[in-house]
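Peer 1: I'll drop the sequence and a predicted model, then ask my questions.
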Amino acid sequence: MDMKRINAGKLRAIGYDSKARTLRVEFGDGSAIDYANVGSDVWKRFSTSGAAWSFYRDNIEEEFAGTRGRAAVTSQRAELDALFGSPEKDADS
């Protein structure tokens with residue numbers, strides 16, 4: 001599932017699997033919730049909303065059953081290390 005990075009309220013990323021009709025919402029604290037049986041129309045409105053946090057609270061959180069999990073959080077340090085190399089790795093060379 002492709003995730004769209006956002007910064008709206010507590011939301012940090014959202015994604016949708018159209019075949020499984022599953023919406024994934026990832027939060028700033030590293031938690032995530034997968035919502036089942038979400039129609040593509042809801043996803044389209046959510047992903048293009050100018051107020052994603054409000055849309056989530058009003059149209060998704062209370063309307064769909066969710067399964068809690070953990071987001072695949074990549075630290076900023078790991079992203080930088082991938083670009084420029086790890087200091088520890090460079091010290092071993």
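Peer 2: The structure has been received and is ready for your questions.
Peer 1: okay, CA-based contacts and neighbour counts for the rest of this
Peer 2: Noted.
Peer 1: how much space between the residue sitting nearest the centre point of the chain and G30?
Peer 2: Centroid-nearest residue in the chain, with Cα atoms, centre = their mean: A13, separated by 2.6 Å. Counting by Cα to Cα, to the nearest Å, the separation of A13 from G30 is 10 Å.
Peer 1: now swap in V38 and tell me
Peer 2: Taken as Cα to Cα, the spacing of V38 relative to G30 amounts to 22 Å.
Peer 1: contacts only, for S18.
Peer 2: S40 (Cα atoms under 8 Å, 6 or more residues apart in numbering).
Peer 1: per-residue pLDDT, it?
Peer 2: With respect to pLDDT, S18 has a value of 96.
Peer 1: need phi/psi at it.
Peer 2: Reported as degrees, to the nearest 10, the phi and psi values for S18 are phi -70, psi -30.
Peer 1: point out where this protein drops to low pLDDT.
Peer 2: Along the chain, the model assigns pLDDT under 70 to residues 72-83, 85-93.
Peer 1: change it to 90
Peer 2: Low-confidence segments of the chain (pLDDT under 90): 1, 62, 65, 69-93.
Peer 1: which helices and strands does the strand or helix carrying K44 pack with?
Peer 2: Secondary structure here is read from DSSP states H and E; on that basis K44 sits in helix 40-47. Contact analysis of helix 40-47 by 3 or more Cα pairs under 8 Å, 6 or more residues apart in numbering; DSSP states H and E lists helix 52-59 as its packing neighbours.
Peer 1: what lines up beside the helix or strand just after the helix it packs on in the sheet?
Peer 2: Sequence order places strand 66-70 as the next helix or strand after helix 52-59, per DSSP H and E. Looking at strand 66-70 with DSSP bridges, its paired strands and their directions are strand 31-35 (antiparallel).
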